[in-house]
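K.L.:
Give the three-dimensional model of this entry:
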Amino acid sequence: MLGSDHQAGLLGANMNRCRTILRGVLLGTLAGLSPAGAQTTSFQNYHCADETHFIVAFYPHDPSAYLQIDGGSAILRKRVALSGTRYSGAGVTLKYSKTGAISVKRARRPETACEPG
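P.N.:
As a prediction, the model looks like this:
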């Protein structure tokens, strides 16, 4: 009987070790998903022909554009575009053409050309 108690003790120790390893793997995985991964976020300032200034941010794993314009913020969802990329929402449309041209259109205002800066 002493041998079976010894075996049970070893099995218990192995189970505890396995649980510890699994917890470490789980915590490591969760740490990999934390906001620290947002270091690849890109921000860009733009200046437009009509003197509009805005900032747009793109986050990894999120197809939306986060825009700060006219003292407010808006989330622009990526939309289908025939040529280039288009984002729109909250009365604002942001376009990136395949040729590199950038424009912004706001409600009740004409579309205007913009450039980084």
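
K.L.:
So Arg77 sits against Pro63, correct?
P.N.:
Yes: in this structure Arg77 lies within contact range of Pro63 using C-beta atoms under 8 Å: 7.5 Å. Bear in mind the C-beta positions are built from the backbone N, C-alpha and C, glycine included.

K.L.:
Return the distance of Gln68 relative to Thr99.
P.N.:
26 Å (C-beta to C-beta, to the nearest Å).

K.L.:
got a list of what the nearest residue to Asp50 once chain neighbours are set aside touches?
P.N.:
Closest residue to Asp50 apart from its sequence neighbours, by C-beta to C-beta, 6 or more residues apart in numbering: Thr112 at 4.5 Å. By C-beta atoms under 8 Å, 6 or more residues apart in numbering, the contact set of Thr112 is Cys48, Ala49, Asp50, Thr52, Ser103, Val104, Lys105.

K.L.:
what's the pLDDT at the last one?
P.N.:
Among the per-residue scores, Lys105 holds a pLDDT of 96.
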